[in-house]
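Chemist: Have a look at this prediction, sequence included:
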Amino acid sequence: MKAIFEKEWGLYFSTPIGYVFLGIFAFFSGLYFWMNNILFGTTDFYAFFNGFLTILLIIVPILTMRSFSEERKTRSDQLLLTAPISVWDIILGKFLAAFAVYAVALAITLIYPLILAFMGGSIDWGVLFGSYIGYLMLGVVFIAGGLFVSNLTESQVVAVIGTIGLLLIFVLVDSLAQYITILNTQNSVLAFLYRIFMTVLSWFALMARYETFSLGMVELPALVYYLSFAAVFLFLTGMKIEQRRWN
């Protein structure tokens, strides 16, 4: 796994992908900081994180698009599939490399609250800490989902579009749940089906669980949820790789 991690980490910065990702991340995070904090003279980062989520949906797929698709296109994945390493070494190595780049990008934004604190602003560090943990958890899920989509195609463009679509579904589930609540019915059968559907829908409500982090509350169930969600995607990715290995 260490060799895969080092190889992937090196590829991010021997190609433009890592620099493009960090550059876009830094640019838009700085823009959101200026728009939400500097212009309004506030030390509340709630609007900053909520607004930046939209950008995250677009730039995280850039980070994961080549993870498997490029190797499938060039057939270099055959070397990995026949190498004396486990599938999980491959998956976790790639996942941790992408997550490390994401974590570095997120760490860069720590300069913004430090700037406000240096200027005499009162920062709620508990809420800020919770928000950063929440974004790390979102990153875990988004990257795992991106790796899964990248493993399904040889085209990096398709991988980007597919990952954006997948992540949008997760983010929009909360809005869909609120809309369906309006359509609730008094019919007993439909009400029963409605409860089942809403229970299933709640399993995919990523943003509903992020709200607890944005309030400064780091809850174990929420952490387990995000890690489990990511584990499912990594498991499915592993099953797909195993299928190709045996074929």
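Modeler: Nice, thanks for sending it over. None of these values were measured; they are calculated from a predicted model.
Chemist: Based on its surroundings, how many neighbours for residue 96?
Modeler: When neighbours are counted by other CB atoms under 10 Å, residue 96 registers 18. To be clear about C-beta, it is placed using only N, CA and C from the backbone, and glycine gets the same treatment.
Chemist: got it, and residue 43?
Modeler: Count around residue 43 with other CB under 10 Å applied: 16.
Chemist: That one sits in which helix or strand?
Modeler: Using DSSP states H and E, residue 43 falls within no helix or strand.
Chemist: contacts for stretch 229-237?
Modeler: Residues from elsewhere that reach stretch 229-237 (CB atoms under 8 Å, 6 or more residues apart in numbering): 68, 91-92, 95, 140-141, 143-145, 147-148, 151, 206.
Chemist: Return a ChimeraX selection command for the buried portion of these.
Modeler: Listed next is the ChimeraX selection for buried residues among these, using 16 or more other CB atoms under 10 Å:
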select :68,91,92,95,140,141,143,144,145,147,148,151,206
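Chemist: Sort out for me which of the contacts of stretch 229-237 are in strands.
Modeler: Among the contacts of stretch 229-237, DSSP state E puts none in strands.
Chemist: Tell me which of the contacts of stretch 229-237 has the lowest pLDDT.
Modeler: Lowest pLDDT within the contacts of stretch 229-237 is found at residue 206 (76).
Chemist: How about that one: what's its closest non-neighbour residue?
Modeler: Spatial nearest neighbour of residue 206, excluding adjacent residues (CB to CB, 6 or more residues apart in numbering): residue 170 at 4.8 Å.
Chemist: residues near that neighbour, how many?
Modeler: 18.
Chemist: Make 7 the first number, not 1, from now on.
Modeler: Sure thing, new numbering starts at 7, so read that last one as residue 176.
Chemist: What is the three-state secondary structure of it?
Modeler: With DSSP: H, G, I helix; E, B strand; the rest coil as the basis, residue 176 sits in helix.
Chemist: That one contacts residue 147, doesn't it?
Modeler: Yes. With contacts counted by CB atoms under 8 Å, residue 176 reaches residue 147, the gap being 7.4 Å.
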